[in-house]
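Participant: prediction below, plus the sequence it came from.
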Amino acid sequence: ALAALKDAPSVTALDLSLVNNAIGDDGAQALAALKDTPGLTTLSLNLLDNQIGDGGAQALAALKDSPSLVSLTLNLRHNCIADSPALAALKDAPALKALMLSLGSNRIGDDMAQALAQLKAAPFLTSLTLHLGSNRITDDGAHALVTLREAPALTTLSLNLWNNHTRGGAA
């Protein structure tokens, strides 16, 4: 039902919190329709603790097709996301300048970290925040994330890797 907000012609900013509602992959798929909201420049989806897996992450990656989206915040903490590279597709969002992905307390490992490092290819991204705490990322994944420094427009980078499997080599 909330996906029908995409038909709001004058909404430019949307903040939607659905914490602990068990929306799962199907609910994430429905929310991905928000990409079709005309004129939407700012979107914040708080989907903490909703049983969203890799299929839901794949669905939400479709937000890259929102033509006017400048700022995107996705809180996907405490879900069931593993190493799906889907969210790296957000690098192709045509107007995206600020991205915050909160993916703590999932099952994310080095494959996902390497995929997220592809965000360095986003041509207009100036601010990137990745909350990846309490996952399974090792030194290899941390090294991949360091390559984000190569992003051409990035001026602000925040990486949160607390409580992973990194050792001294990641420092």
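Facilitator: Alright, I've got the coordinates.

Participant: CA atoms for contacts and neighbours, from now on please.
Facilitator: Will do.

Participant: which of the helices or strands spans residue 158?
Facilitator: Under the criterion DSSP states H and E, the helix or strand holding residue 158 is strand 156-160.

Participant: contacts only, for residue 72.
Facilitator: Residue 72 sits next to 42, 43, 44, 96, 98, 99, 100 when contact means C-alpha atoms under 8 Å, 6 or more residues apart in numbering.

Participant: show me the beta-bridge partners of the most centrally placed residue in the chain.
Facilitator: Nearest to the geometric centre of the chain sits residue 101, at 3.8 Å (C-alpha atoms, centre = their mean). In this structure, residue 101 bridges to residue 74, residue 130 when assessed by DSSP bridges.

Participant: mind checking which helix or strand residue 56 is in?
Facilitator: Secondary structure assignment for residue 56, by DSSP H and E: helix 54-60.

Participant: go ahead and confirm the residue nearest to the centre of the chain touches residue 77.
Facilitator: No: using C-alpha atoms under 8 Å, residue 101 is not in contact with residue 77, being 9.1 Å away.

Participant: count of neighbours near residue 124?
Facilitator: For residue 124, the tally of surrounding residues (other C-alpha atoms under 10 Å) stands at 20.

Participant: which helix or strand contains it?
Facilitator: For residue 124, there is no helix or strand it lies in under DSSP H and E.

Participant: where does the chain have low pLDDT?
Facilitator: In the predicted model, the chain carries pLDDT under 70 at residues 169-171.

Participant: let's go with 80 and repeat that
Facilitator: 168-171 (pLDDT under 80).
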